[in-house]
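Enquirer: Starting from these lines, generate the structure:
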Amino acid sequence: MARKLSALWKKYLQNKFGVETLISKYMFLSRFEPRNVGKVVVISAAVLVVAFVLIMLTFHVRPVNKKVNEFDDFQLAVIAKAKQIFAEKKAAGIDMSAGPCLSNELDINWVLDVAHNPRDSIDDLPENQCSAFREGRAKHFVELDLTGGLIRLK
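Expert: Residues are numbered from 1 along each chain as shown. You can find the predicted model right below:
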């Protein structure tokens, strides 16, 4: 009798907490069939992909509030320094019409060049370009026009 009760109790527990019962209860499956499990796997994968994309967009994509002509603080400081050097060189009487290089050491990895706006063939001559930029010692440049206005910053 005890064995029979034990077997009934075991069967009751298997039916109450068994795999098939858990799947049908929590995965909304009426029966444990491969087709139904496949649907659950596909839906679960789709939910995970959507959640992953939403998390990536939330934490890794920052809105771009920068307008086309806005610069960060460092770039503004480099531009101000470039305009100051331009004014000093112009006051010293340097001819800007050829588009000379005014500084090979504007800042670390930065040079200051003068060019025509729009660009002229004389601006492409090696003697009118900064040697530090040509030789690869500088990676960035500030290009001003003949009046000291900013053409480009790269």
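Enquirer: Give me the mean pLDDT for the lengthiest strand in the chain.
Expert: Longest strand in the chain, counting residues (DSSP state E): strand 101-107. Strand 101-107 comes out with an average pLDDT of 85.
Enquirer: now swap in stretch 75-82 and tell me
Expert: Confidence over stretch 75-82 (mean pLDDT, whole number) is 90.
Enquirer: list the buried ones in it?
Expert: By 16 or more other C-beta atoms under 10 Å, the buried positions in stretch 75-82 come out as 78-79, 81-82. Using the backbone N, CA and C atoms, a C-beta is placed for each residue, glycine as well.
Enquirer: Can you add secondary structure and distance to D120 and give those residues back as CSV?
Expert: Formatted as CSV, the buried residues of stretch 75-82 follow (DSSP: H, G, I helix; E, B strand; the rest coil; distance: C-beta to C-beta, whole Å):
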residue, secondary structure, distance to D120
V78, helix, 24
I79, helix, 22
K81, helix, 25
A82, helix, 20
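Enquirer: sec struct for R152, please.
Expert: Secondary structure assignment for R152 (DSSP: H, G, I helix; E, B strand; the rest coil): strand.
Enquirer: Show me the beta-bridge partners of it.
Expert: Beta bridges link R152 to E143 when assigned by DSSP bridges.
Enquirer: before we move on, back to that, and the next element down the chain from the longest strand of the chain?
Expert: Downstream of strand 101-107, the next assigned helix or strand under DSSP states H and E is strand 110-114.
Enquirer: Show me what that next one is packed against.
Expert: Strand 110-114 is packed against helix 73-91, strand 101-107, helix 131-134, strand 140-144, with contacts defined by 3 or more C-beta pairs under 8 Å, 6 or more residues apart in numbering; DSSP states H and E.
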